[in-house]
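1. what would the 3D arrangement of this be:
(chains A and B)
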Amino acid sequence: MKLEQKKQLITIKGTEEGLTIFMDDLCSFDELVVELEEKITTVKPKQGEPVISVKVQLGNRYLSHEHTEEIRNIIEKGDYFTVEMFDSAVIHKEEMEKWQENQDIKVYRRVVRSGQVLQVKGDVLLIGDVNPGGKVVSTGDVYVLGRLNGVAHAGVKGNKHAIIAASYMKPTQLRIANYISRAPDYESDGVYMECGFIDSEQDKIMIDRLQQLTRQRRDLKELERRMQNG
Amino acid sequence: MGEAIVVTSGKGGVGKTTTSANIGTALALMDKKVCLIDTDIGLRNLDVIMGLENRIIFDIVDVIEGRCKLNQALVKDKRFDDLTLLPASQTSDKSAITESGMVQIVNELKQTYDYIIIDCPAGIEQGFKNAVAGADKAIVVTTPEMSSVRDADRIIGLLEQEDIEPPHLVINRIRNHMMKNGDMLDIDEIVQILSIDLIGIVLDDDEVIKASNNGEPIALQSKPKSAIAYRNIARRILGESVPLQSLDEEKGLFQKMKHFFGMGS
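-> Alright, predicted model coming up:
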(Lines give C-alpha, C1' and ligand atoms only; values in the text may rest on other atoms or scores of the structure.)
Protein backbone atom coordinates (compact mmCIF):
# COMPACT_ATOMS: atom_id res chain seq x y z
CA MET A 1 0.00 0.00 0.00
CA LYS A 2 1.34 3.34 -0.93
CA LEU A 3 0.89 6.07 1.56
CA GLU A 4 1.70 8.69 -0.95
CA GLN A 5 0.24 12.00 -0.96
CA LYS A 6 1.96 13.83 -3.71
CA LYS A 7 4.30 16.27 -2.10
CA GLN A 8 4.47 19.74 -3.50
CA LEU A 9 7.79 20.37 -5.11
CA ILE A 10 7.24 24.05 -5.71
CA THR A 11 5.87 26.45 -3.16
CA ILE A 12 5.15 30.01 -4.11
CA LYS A 13 4.79 32.71 -1.51
CA GLY A 14 3.92 36.30 -2.00
CA THR A 15 5.84 38.94 -0.06
CA GLU A 16 5.90 42.69 -0.09
CA GLU A 17 8.75 42.78 -2.55
CA GLY A 18 7.33 40.18 -4.88
CA LEU A 19 7.28 36.43 -5.03
CA THR A 20 9.52 33.86 -3.46
CA ILE A 21 9.57 30.46 -5.07
CA PHE A 22 10.74 27.63 -2.85
CA MET A 23 11.94 24.58 -4.71
CA ASP A 24 12.25 21.14 -3.28
CA ASP A 25 15.87 20.06 -3.19
CA LEU A 26 15.44 16.29 -3.19
CA CYS A 27 13.47 15.64 -6.35
CA SER A 28 15.00 15.47 -9.82
CA PHE A 29 15.52 18.57 -11.87
CA ASP A 30 13.16 17.39 -14.59
CA GLU A 31 10.30 16.96 -12.13
CA LEU A 32 10.98 20.45 -10.90
CA VAL A 33 10.80 21.90 -14.39
CA VAL A 34 7.49 20.17 -15.12
CA GLU A 35 5.87 21.42 -11.95
CA LEU A 36 7.31 24.91 -12.31
CA GLU A 37 5.87 25.30 -15.78
CA GLU A 38 2.53 24.22 -14.44
CA LYS A 39 2.51 26.44 -11.37
CA ILE A 40 3.89 29.59 -12.86
CA THR A 41 0.89 30.00 -15.13
CA THR A 42 -1.48 29.88 -12.17
CA VAL A 43 0.07 32.89 -10.44
CA LYS A 44 0.38 34.93 -13.60
CA PRO A 45 -0.58 38.57 -12.92
CA LYS A 46 -3.39 40.19 -14.80
CA GLN A 47 -2.79 42.14 -17.95
CA GLY A 48 -1.41 45.61 -17.33
CA GLU A 49 0.01 44.92 -13.88
CA PRO A 50 3.70 45.66 -13.34
CA VAL A 51 6.37 42.97 -13.71
CA ILE A 52 6.83 41.08 -10.47
CA SER A 53 10.29 40.32 -9.15
CA VAL A 54 10.96 36.81 -8.03
CA LYS A 55 13.42 35.26 -5.62
CA VAL A 56 14.20 31.63 -6.15
CA GLN A 57 15.12 29.63 -3.07
CA LEU A 58 16.91 26.49 -4.10
CA GLY A 59 17.57 25.03 -0.67
CA ASN A 60 20.38 22.51 -0.75
CA ARG A 61 20.41 22.19 -4.50
CA TYR A 62 23.31 23.22 -6.70
CA LEU A 63 22.35 24.42 -10.16
CA SER A 64 24.77 24.60 -13.03
CA HIS A 65 24.77 27.68 -15.19
CA GLU A 66 22.64 26.01 -17.91
CA HIS A 67 20.05 24.82 -15.41
CA THR A 68 19.86 28.23 -13.84
CA GLU A 69 19.19 29.74 -17.25
CA GLU A 70 16.55 27.12 -18.00
CA ILE A 71 14.64 28.00 -14.86
CA ARG A 72 15.06 31.68 -15.49
CA ASN A 73 13.61 31.26 -18.99
CA ILE A 74 10.59 29.41 -17.68
CA ILE A 75 9.82 32.03 -15.07
CA GLU A 76 10.46 35.02 -17.25
CA LYS A 77 8.51 33.63 -20.22
CA GLY A 78 5.89 36.15 -21.22
CA ASP A 79 7.53 38.99 -19.35
CA TYR A 80 5.31 38.71 -16.28
CA PHE A 81 8.15 38.00 -13.90
CA THR A 82 11.78 38.88 -13.53
CA VAL A 83 14.17 36.74 -11.53
CA GLU A 84 15.93 38.91 -9.04
CA MET A 85 18.17 36.27 -7.55
CA PHE A 86 18.83 32.60 -7.04
CA ASP A 87 19.60 31.69 -3.51
CA SER A 88 21.17 28.37 -2.72
CA ALA A 89 22.64 26.99 0.46
CA VAL A 90 25.41 25.34 -1.53
CA ILE A 91 27.98 26.65 -3.97
CA HIS A 92 30.42 24.87 -6.20
CA LYS A 93 33.72 23.87 -4.68
CA GLU A 94 35.70 25.72 -7.32
CA GLU A 95 33.73 28.86 -6.72
CA MET A 96 34.28 28.44 -3.02
CA GLU A 97 38.01 27.98 -3.42
CA LYS A 98 38.20 31.02 -5.61
CA TRP A 99 36.25 33.03 -3.11
CA GLN A 100 38.32 31.79 -0.25
CA GLU A 101 41.52 32.54 -2.07
CA ASN A 102 40.44 36.14 -2.34
CA GLN A 103 39.38 36.25 1.29
CA ASP A 104 42.35 34.60 2.86
CA ILE A 105 45.21 36.45 4.41
CA LYS A 106 48.39 34.91 3.14
CA VAL A 107 51.28 35.18 5.56
CA TYR A 108 54.83 35.33 4.26
CA ARG A 109 57.99 35.44 6.34
CA ARG A 110 60.77 36.71 4.12
CA VAL A 111 62.53 39.77 2.78
CA VAL A 112 61.30 40.97 -0.60
CA ARG A 113 64.57 42.08 -2.14
CA SER A 114 65.43 44.26 -5.09
CA GLY A 115 64.13 42.70 -8.30
CA GLN A 116 61.73 40.35 -6.51
CA VAL A 117 57.95 40.54 -6.83
CA LEU A 118 55.66 38.97 -4.25
CA GLN A 119 52.35 38.41 -6.02
CA VAL A 120 49.37 37.33 -3.95
CA LYS A 121 45.65 36.77 -4.40
CA GLY A 122 43.68 38.13 -1.48
CA ASP A 123 45.25 40.00 1.40
CA VAL A 124 48.91 39.67 2.18
CA LEU A 125 50.66 39.92 5.52
CA LEU A 126 54.40 40.14 5.04
CA ILE A 127 56.51 39.57 8.10
CA GLY A 128 59.75 41.10 6.89
CA ASP A 129 60.94 44.07 4.86
CA VAL A 130 60.29 45.19 1.32
CA ASN A 131 63.62 46.55 0.15
CA PRO A 132 63.99 49.28 -2.47
CA GLY A 133 63.42 47.74 -5.89
CA GLY A 134 61.22 45.00 -4.43
CA LYS A 135 57.48 44.85 -5.02
CA VAL A 136 54.44 43.42 -3.26
CA VAL A 137 51.30 43.01 -5.35
CA SER A 138 47.95 41.76 -4.07
CA THR A 139 44.31 41.76 -5.09
CA GLY A 140 43.38 42.74 -1.55
CA ASP A 141 45.12 44.63 1.23
CA VAL A 142 48.86 44.75 1.86
CA TYR A 143 50.11 44.64 5.43
CA VAL A 144 53.83 44.84 6.05
CA LEU A 145 55.09 43.93 9.47
CA GLY A 146 58.46 45.46 8.74
CA ARG A 147 59.91 48.22 6.63
CA LEU A 148 58.21 49.10 3.38
CA ASN A 149 60.96 50.66 1.26
CA GLY A 150 59.92 49.39 -2.14
CA VAL A 151 56.68 49.38 -4.09
CA ALA A 152 53.35 48.09 -2.77
CA HIS A 153 50.33 47.61 -5.01
CA ALA A 154 47.05 46.76 -3.27
CA GLY A 155 43.78 45.94 -4.99
CA VAL A 156 45.54 45.23 -8.25
CA LYS A 157 42.33 43.97 -9.89
CA GLY A 158 40.67 47.31 -9.22
CA ASN A 159 39.57 47.14 -5.59
CA LYS A 160 39.67 50.78 -4.52
CA HIS A 161 38.91 49.91 -0.91
CA ALA A 162 42.18 48.08 -0.55
CA ILE A 163 44.70 49.56 1.86
CA ILE A 164 48.41 49.39 2.47
CA ALA A 165 49.66 49.37 6.03
CA ALA A 166 53.23 49.12 7.25
CA SER A 167 55.13 49.28 10.52
CA TYR A 168 57.63 51.56 8.82
CA MET A 169 56.58 53.34 5.69
CA LYS A 170 59.10 54.85 3.30
CA PRO A 171 57.95 53.49 -0.04
CA THR A 172 59.23 54.46 -3.46
CA GLN A 173 55.64 54.12 -4.69
CA LEU A 174 52.24 53.23 -3.31
CA ARG A 175 49.67 51.93 -5.74
CA ILE A 176 46.04 51.14 -4.99
CA ALA A 177 43.84 49.90 -7.85
CA ASN A 178 44.74 52.32 -10.65
CA TYR A 179 45.99 55.12 -8.39
CA ILE A 180 49.68 55.81 -7.96
CA SER A 181 51.50 58.01 -5.50
CA ARG A 182 55.24 58.32 -5.24
CA ALA A 183 57.73 59.41 -2.64
CA PRO A 184 58.61 63.09 -2.58
CA ASP A 185 61.77 64.14 -4.41
CA TYR A 186 63.36 65.57 -1.32
CA GLU A 187 64.99 63.35 1.23
CA SER A 188 62.51 62.49 3.93
CA ASP A 189 62.35 60.20 6.91
CA GLY A 190 59.92 57.37 6.87
CA VAL A 191 56.91 57.20 9.15
CA TYR A 192 55.99 54.53 11.65
CA MET A 193 52.69 52.68 11.80
CA GLU A 194 50.97 54.37 8.89
CA CYS A 195 48.64 53.28 6.17
CA GLY A 196 47.74 54.34 2.66
CA PHE A 197 44.21 54.34 1.28
CA ILE A 198 42.22 56.06 -1.43
CA ASP A 199 40.46 59.17 -0.17
CA SER A 200 37.33 59.34 -2.31
CA GLU A 201 36.83 63.07 -1.67
CA GLN A 202 40.27 64.10 -2.83
CA ASP A 203 40.44 61.26 -5.32
CA LYS A 204 44.00 60.30 -4.47
CA ILE A 205 46.03 58.11 -2.21
CA MET A 206 46.42 59.49 1.29
CA ILE A 207 48.76 58.36 4.01
CA ASP A 208 47.61 58.64 7.56
CA ARG A 209 48.19 57.22 11.00
CA LEU A 210 47.09 53.66 11.42
CA GLN A 211 44.67 54.71 14.13
CA GLN A 212 42.71 56.72 11.55
CA LEU A 213 42.06 53.58 9.65
CA THR A 214 39.15 52.39 11.76
CA ARG A 215 37.33 55.58 10.93
CA GLN A 216 38.09 55.32 7.24
CA ARG A 217 37.34 51.68 6.81
CA ARG A 218 34.70 50.23 9.05
CA ASP A 219 34.75 47.01 7.09
CA LEU A 220 38.14 46.24 8.55
CA LYS A 221 36.27 44.84 11.52
CA GLU A 222 35.53 42.07 9.10
CA LEU A 223 39.21 41.45 8.76
CA GLU A 224 39.73 41.31 12.50
CA ARG A 225 37.05 38.70 12.72
CA ARG A 226 38.70 36.69 10.01
CA MET A 227 42.04 36.95 11.73
CA GLN A 228 40.58 35.74 14.97
CA ASN A 229 38.91 32.83 13.30
CA GLY A 230 42.15 31.96 11.60
CA MET B 1 86.63 17.54 1.21
CA GLY B 2 87.06 21.29 0.74
CA GLU B 3 84.63 24.15 0.68
CA ALA B 4 83.88 26.42 -2.27
CA ILE B 5 83.14 30.07 -1.52
CA VAL B 6 82.00 32.46 -4.23
CA VAL B 7 82.78 36.17 -3.82
CA THR B 8 80.17 38.27 -5.58
CA SER B 9 78.55 41.71 -5.51
CA GLY B 10 76.40 42.45 -8.56
CA LYS B 11 77.88 45.88 -9.03
CA GLY B 12 81.30 46.23 -10.54
CA GLY B 13 84.25 47.94 -8.90
CA VAL B 14 83.34 47.32 -5.27
CA GLY B 15 86.34 45.09 -4.68
CA LYS B 16 85.35 41.51 -5.43
CA THR B 17 88.70 40.59 -6.92
CA THR B 18 90.70 42.35 -4.20
CA THR B 19 88.60 40.63 -1.56
CA SER B 20 89.04 37.22 -3.24
CA ALA B 21 92.79 37.66 -3.50
CA ASN B 22 93.17 38.78 0.09
CA ILE B 23 90.86 36.20 1.67
CA GLY B 24 92.67 33.53 -0.32
CA THR B 25 96.08 34.82 0.74
CA ALA B 26 95.00 35.17 4.37
CA LEU B 27 93.70 31.59 4.41
CA ALA B 28 96.98 30.41 2.91
CA LEU B 29 98.80 32.35 5.65
CA MET B 30 96.91 30.16 8.11
CA ASP B 31 98.30 27.04 6.46
CA LYS B 32 95.22 26.13 4.50
CA LYS B 33 95.35 24.71 0.99
CA VAL B 34 93.64 27.31 -1.15
CA CYS B 35 92.75 27.55 -4.83
CA LEU B 36 91.54 30.81 -6.34
CA ILE B 37 89.36 30.64 -9.44
CA ASP B 38 88.91 33.67 -11.65
CA THR B 39 85.61 33.36 -13.54
CA ASP B 40 85.67 36.82 -15.07
CA ILE B 41 86.34 35.45 -18.55
CA GLY B 42 87.53 38.14 -20.92
CA LEU B 43 88.32 40.64 -18.16
CA ARG B 44 90.66 38.75 -15.91
CA ASN B 45 92.26 40.65 -13.03
CA LEU B 46 92.87 38.23 -10.23
CA ASP B 47 96.20 37.11 -11.70
CA VAL B 48 97.39 40.73 -11.79
CA ILE B 49 96.53 41.39 -8.16
CA MET B 50 98.21 38.15 -7.17
CA GLY B 51 101.23 39.08 -9.31
CA LEU B 52 101.04 35.84 -11.27
CA GLU B 53 100.22 37.17 -14.72
CA ASN B 54 103.53 36.13 -16.25
CA ARG B 55 103.16 32.51 -15.17
CA ILE B 56 99.91 31.72 -16.91
CA ILE B 57 100.15 28.99 -19.54
CA PHE B 58 96.68 27.48 -19.69
CA ASP B 59 93.40 28.86 -18.39
CA ILE B 60 89.94 27.72 -17.27
CA VAL B 61 88.55 27.67 -20.82
CA ASP B 62 91.39 25.37 -21.89
CA VAL B 63 90.42 23.01 -19.08
CA ILE B 64 86.73 23.01 -20.01
CA GLU B 65 87.43 22.52 -23.69
CA GLY B 66 89.84 19.70 -22.93
CA ARG B 67 93.04 21.27 -24.20
CA CYS B 68 94.80 20.56 -20.92
CA LYS B 69 94.40 18.84 -17.57
CA LEU B 70 93.13 20.81 -14.61
CA ASN B 71 96.47 20.44 -12.83
CA GLN B 72 98.34 21.90 -15.76
CA ALA B 73 96.26 25.07 -15.71
CA LEU B 74 96.77 25.76 -11.99
CA VAL B 75 99.33 28.50 -11.38
CA LYS B 76 101.32 28.06 -8.20
CA ASP B 77 101.73 31.16 -6.07
CA LYS B 78 105.23 32.54 -5.64
CA ARG B 79 104.88 32.96 -1.86
CA PHE B 80 102.88 29.95 -0.71
CA ASP B 81 103.17 26.37 -1.89
CA ASP B 82 99.59 25.66 -0.93
CA LEU B 83 98.07 28.56 -2.83
CA THR B 84 97.18 28.23 -6.50
CA LEU B 85 95.24 30.19 -9.08
CA LEU B 86 93.05 28.92 -11.89
CA PRO B 87 93.15 31.93 -14.22
CA ALA B 88 90.39 33.11 -16.52
CA SER B 89 90.83 33.26 -20.25
CA GLN B 90 91.43 36.69 -21.68
CA THR B 91 90.48 35.81 -25.25
CA SER B 92 87.07 34.13 -24.87
CA ASP B 93 83.85 35.43 -23.31
CA LYS B 94 81.52 34.34 -20.53
CA SER B 95 79.66 31.83 -22.70
CA ALA B 96 82.85 29.79 -23.10
CA ILE B 97 82.19 28.01 -19.81
CA THR B 98 79.03 26.31 -18.61
CA GLU B 99 77.55 25.73 -15.20
CA SER B 100 78.10 21.98 -15.39
CA GLY B 101 81.72 22.45 -16.46
CA MET B 102 82.22 24.75 -13.49
CA VAL B 103 80.67 22.26 -11.06
CA GLN B 104 82.98 19.56 -12.37
CA ILE B 105 86.10 21.69 -11.88
CA VAL B 106 85.11 22.80 -8.39
CA ASN B 107 84.30 19.25 -7.32
CA GLU B 108 87.65 18.04 -8.57
CA LEU B 109 89.46 20.83 -6.73
CA LYS B 110 87.55 20.12 -3.52
CA GLN B 111 89.32 16.76 -3.33
CA THR B 112 92.72 18.37 -2.78
CA TYR B 113 92.05 21.87 -1.44
CA ASP B 114 90.57 23.10 1.84
CA TYR B 115 89.13 26.27 0.33
CA ILE B 116 88.22 27.20 -3.21
CA ILE B 117 87.62 30.92 -3.58
CA ILE B 118 85.64 31.79 -6.71
CA ASP B 119 85.93 35.35 -7.97
CA CYS B 120 82.65 36.23 -9.65
CA PRO B 121 82.31 38.74 -12.50
CA ALA B 122 80.03 41.77 -12.12
CA GLY B 123 76.46 41.45 -13.32
CA ILE B 124 73.76 38.83 -12.96
CA GLU B 125 74.09 37.06 -16.30
CA GLN B 126 75.76 33.85 -17.38
CA GLY B 127 79.05 34.77 -15.74
CA PHE B 128 77.35 35.06 -12.35
CA LYS B 129 75.48 31.80 -12.85
CA ASN B 130 78.69 29.99 -13.74
CA ALA B 131 80.51 31.33 -10.71
CA VAL B 132 77.72 30.42 -8.31
CA ALA B 133 77.07 26.96 -9.78
CA GLY B 134 79.81 25.13 -7.92
CA ALA B 135 79.79 27.13 -4.69
CA ASP B 136 78.75 25.94 -1.22
CA LYS B 137 78.92 29.35 0.40
CA ALA B 138 78.81 32.93 -0.75
CA ILE B 139 80.34 36.19 0.35
CA VAL B 140 78.62 39.34 -0.88
CA VAL B 141 80.81 42.44 -1.12
CA THR B 142 79.29 45.90 -0.93
CA THR B 143 80.47 49.43 -0.34
CA PRO B 144 78.60 51.96 1.81
CA GLU B 145 76.85 53.45 -1.22
CA MET B 146 73.17 53.23 -2.05
CA SER B 147 73.67 51.84 -5.55
CA SER B 148 76.06 49.17 -4.40
CA VAL B 149 73.76 48.13 -1.54
CA ARG B 150 70.84 47.97 -3.97
CA ASP B 151 72.77 45.60 -6.24
CA ALA B 152 73.91 43.53 -3.29
CA ASP B 153 70.27 43.16 -2.29
CA ARG B 154 69.43 41.90 -5.76
CA ILE B 155 72.30 39.44 -5.69
CA ILE B 156 71.28 38.12 -2.27
CA GLY B 157 67.81 37.53 -3.68
CA LEU B 158 69.29 35.52 -6.54
CA LEU B 159 71.59 33.59 -4.20
CA GLU B 160 68.61 32.62 -2.06
CA GLN B 161 67.22 30.76 -5.04
CA GLU B 162 70.41 28.74 -5.37
CA ASP B 163 71.28 25.65 -3.41
CA ILE B 164 73.70 27.53 -1.22
CA GLU B 165 74.09 28.54 2.43
CA PRO B 166 72.78 32.02 3.38
CA PRO B 167 75.45 34.47 2.16
CA HIS B 168 77.73 36.56 4.37
CA LEU B 169 78.44 40.24 3.94
CA VAL B 170 81.69 42.16 3.58
CA ILE B 171 81.43 45.94 3.67
CA ASN B 172 84.37 47.31 1.76
CA ARG B 173 85.86 50.79 1.27
CA ILE B 174 84.54 52.30 4.45
CA ARG B 175 85.47 55.93 4.88
CA ASN B 176 85.28 56.54 8.55
CA HIS B 177 84.87 60.32 8.51
CA MET B 178 82.01 60.15 5.99
CA MET B 179 80.20 57.54 8.01
CA LYS B 180 80.57 59.62 11.12
CA ASN B 181 79.16 62.69 9.38
CA GLY B 182 76.25 60.67 8.07
CA ASP B 183 77.29 61.26 4.45
CA MET B 184 77.64 57.55 3.95
CA LEU B 185 75.36 54.69 4.92
CA ASP B 186 76.58 53.32 8.20
CA ILE B 187 77.23 49.68 8.92
CA ASP B 188 74.08 49.08 10.95
CA GLU B 189 71.95 50.58 8.23
CA ILE B 190 73.46 48.35 5.56
CA VAL B 191 73.11 45.22 7.66
CA GLN B 192 69.52 46.16 8.42
CA ILE B 193 68.63 46.59 4.75
CA LEU B 194 70.36 43.43 3.57
CA SER B 195 69.50 41.38 6.68
CA ILE B 196 72.32 38.90 6.34
CA ASP B 197 75.24 38.17 8.65
CA LEU B 198 78.24 40.47 8.54
CA ILE B 199 81.56 38.67 8.18
CA GLY B 200 83.87 41.66 7.89
CA ILE B 201 84.39 45.37 7.37
CA VAL B 202 87.33 46.82 5.48
CA LEU B 203 88.43 50.44 5.63
CA ASP B 204 89.21 52.35 2.45
CA ASP B 205 92.97 52.40 2.30
CA ASP B 206 95.48 53.69 -0.26
CA GLU B 207 97.78 50.84 0.69
CA VAL B 208 95.33 48.34 -0.85
CA ILE B 209 95.65 49.97 -4.26
CA LYS B 210 99.42 50.20 -3.92
CA ALA B 211 99.67 46.56 -2.96
CA SER B 212 97.40 45.46 -5.78
CA ASN B 213 99.52 47.31 -8.29
CA ASN B 214 102.60 45.54 -6.99
CA GLY B 215 100.95 42.14 -7.23
CA GLU B 216 101.34 41.61 -3.49
CA PRO B 217 98.00 41.24 -1.72
CA ILE B 218 97.70 43.59 1.23
CA ALA B 219 96.89 40.71 3.56
CA LEU B 220 100.61 39.87 3.53
CA GLN B 221 101.49 43.11 5.30
CA SER B 222 101.27 43.23 9.05
CA LYS B 223 100.43 46.84 9.88
CA PRO B 224 97.60 48.27 7.72
CA LYS B 225 94.12 48.08 9.16
CA SER B 226 92.79 46.73 5.89
CA ALA B 227 95.28 43.86 6.03
CA ILE B 228 94.13 42.99 9.53
CA ALA B 229 90.54 43.23 8.34
CA TYR B 230 91.11 40.66 5.59
CA ARG B 231 92.93 38.33 7.95
CA ASN B 232 90.03 38.68 10.38
CA ILE B 233 87.60 37.65 7.65
CA ALA B 234 89.72 34.58 6.98
CA ARG B 235 89.72 33.74 10.69
CA ARG B 236 85.96 34.05 10.79
CA ILE B 237 85.69 31.72 7.79
CA LEU B 238 87.72 29.22 9.81
CA GLY B 239 85.15 29.49 12.58
CA GLU B 240 86.99 31.73 15.02
CA SER B 241 84.96 34.46 16.61
CA VAL B 242 86.79 37.72 16.12
CA PRO B 243 85.31 41.05 17.18
CA LEU B 244 84.75 43.69 14.50
CA GLN B 245 87.53 46.18 14.06
CA SER B 246 86.95 49.53 15.67
CA LEU B 247 86.75 52.23 13.05
CA ASP B 248 88.32 54.94 15.15
CA GLU B 249 91.88 56.01 14.63
CA GLU B 250 94.29 54.93 17.29
CA LYS B 251 94.54 57.78 19.73
CA GLY B 252 97.92 59.18 20.58
CA LEU B 253 99.20 59.29 24.14
CA PHE B 254 98.50 62.98 24.40
CA GLN B 255 94.89 62.58 23.35
CA LYS B 256 94.46 59.67 25.69
CA MET B 257 95.63 61.87 28.54
CA LYS B 258 93.33 64.66 27.47
CA HIS B 259 90.50 62.20 27.45
CA PHE B 260 91.55 60.96 30.86
CA PHE B 261 91.29 64.49 32.26
CA GLY B 262 87.94 64.96 30.60
CA MET B 263 89.13 67.55 28.12
CA GLY B 264 89.03 65.68 24.85
CA SER B 265 86.17 64.20 22.97
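
2. C-alpha only now, for contacts and for neighbours.
-> OK.

3. beta partners for A:Leu148?
-> A:Val130, A:Met169 (DSSP bridges).

4. could you measure it against chain B, distance?
-> Between A:Leu148 and chain B the computed distance is 11 Å (Cα to the nearest Cα, to the nearest Å).

5. for stretch A:60-67, which residues meet the burial criterion?
-> Residues A:Arg61, A:Tyr62, A:Leu63 are the ones in stretch A:60-67 that count as buried (16 or more other Cα atoms under 10 Å in any protein chain shown).

6. between these, which is closest to B:Leu247?
-> A:Tyr62 (72.5 Å; Cα to Cα).

7. which residue is the nearest non-sequential neighbour of the closest one?
-> Excluding the flanking residues, the one nearest A:Tyr62 by Cα to Cα, 6 or more residues apart in numbering or on different chains is A:Val90, at 6.0 Å.

8. about what we covered before: of the buried residues of stretch A:60-67, the lowest pLDDT goes to which?
-> Of all the buried residues of stretch A:60-67, A:Leu63 carries the smallest pLDDT score, 85.

9. tell me the secondary structure for that one?
-> For A:Leu63, the secondary-structure state derived from DSSP: H, G, I helix; E, B strand; the rest coil is coil.

10. give me every residue that touches it.
-> Listed by Cα atoms under 8 Å, 6 or more residues apart in numbering or on different chains, the contact set of A:Leu63 is empty.

11. quick check: residues of chain B near chain A?
-> When proximity is defined by Cα under 8 Å from any Cα of the partner chain, chain B lies next to chain A at B:Arg150, B:Asp151, B:Asp153, B:Arg154, B:Ile156, B:Gly157, B:Ile193.

12. tell me which of these is nearest to A:Asn149?
-> Closest approach to A:Asn149 among those (Cα to Cα): B:Ile193, at 9.4 Å.

13. in a helix, the closest one, correct?
-> Yes: counting by three-state DSSP, B:Ile193 is found in a helix.

14. my guess is it contacts A:Asn131. True?
-> Yes: in this structure, B:Ile193 is within contact of A:Asn131 by Cα atoms under 8 Å, at 6.8 Å.

15. which one of the buried residues of stretch A:60-67 is nearest to B:Gly200?
-> Nearest to B:Gly200 among the buried residues of stretch A:60-67, with distances taken as Cα to Cα, is A:Tyr62, at 65.0 Å.

16. quick one: contacts for the closest one?
-> The contact partners of A:Tyr62, taken as Cα under 8 Å, 6+ apart, are A:Ser88, A:Val90, A:Ile91, A:His92.

17. tell me the spacing between it and B:Ser147.
-> Distance, A:Tyr62 to B:Ser147, by Cα to Cα, to the nearest Å: 58 Å.

18. residues near A:Glu16, how many?
-> Burial of A:Glu16 is recorded as 5 neighbouring residues (other Cα atoms under 10 Å in any protein chain shown).

19. for the closest residue to A:Asp25 other than its chain neighbours, give me its contacts.
-> Counting by Cα to Cα, 6+ apart, A:Arg61 is the residue found nearest to A:Asp25 once chain neighbours are left out, at 5.2 Å. Applying Cα under 8 Å, 6+ apart to A:Arg61 gives the contacts A:Asp25, A:Leu26, A:Ser88, A:Ala89, A:Val90.

20. which among the residues you listed end up buried?
-> A:Asp25.

21. of all the contacts of A:Arg61, which comes closest to B:Lys223?
-> A:Val90 (78.9 Å).

22. now do the contacts for that closest one.
-> Per Cα under 8 Å, 6+ apart, neighbours of A:Val90: A:Gly59, A:Asn60, A:Arg61, A:Tyr62.

23. distance of it from A:Ile21?
-> 17 Å.

24. check the secondary structure at B:Leu198 for me.
-> Following three-state DSSP, B:Leu198 is assigned to strand.

25. wait, isn't it in contact with B:Pro166?
-> No: when contacts are counted by Cα under 8 Å, B:Leu198 is not listed as touching B:Pro166 (11.3 Å).

26. okay, those two: which has more neighbours?
-> Using other Cα under 10 Å as the criterion, B:Leu198 and B:Pro166 rank with B:Leu198 on top: 20 against 16.

27. bridging residues for the more buried one?
-> B:Leu169.

28. what separation do you get for it and B:Ala234?
-> Between B:Leu198 and B:Ala234 the computed distance is 13 Å (Cα to Cα).

29. so how many other residues sit close to the closest residue to A:Ala166 other than its chain neighbours?
-> Residue nearest to A:Ala166 in three dimensions, not counting chain neighbours: A:Val144, with 4.5 Å by Cα to Cα, 6+ apart. Residues lying near A:Val144 (other Cα under 10 Å) number 25.

30. check contacts around B:Lys33.
-> By Cα under 8 Å, 6+ apart, the residues touching B:Lys33 are B:Leu27, B:Asp82, B:Leu83, B:Thr112, B:Tyr113, B:Asp114, B:Tyr115.

31. between the residues you listed, which sits nearest B:Ile139?
-> Once Cα to Cα is applied, the member of the contacts of B:Lys33 that ends up nearest B:Ile139 is B:Tyr115, at 13.3 Å.

32. phi, psi of the residue nearest to A:Ala166?
-> Taking degrees, to the nearest 10, you get phi -120, psi 110 for the backbone angles of A:Val144.

33. does it really touch A:Asp123, like I thought?
-> No: counting by Cα under 8 Å, A:Val144 stays clear of A:Asp123, with 10.9 Å between them.

34. what about A:Cys195, which helix or strand?
-> According to DSSP states H and E, A:Cys195 maps onto strand A:191-199.

35. I am finished for the moment; much appreciated.
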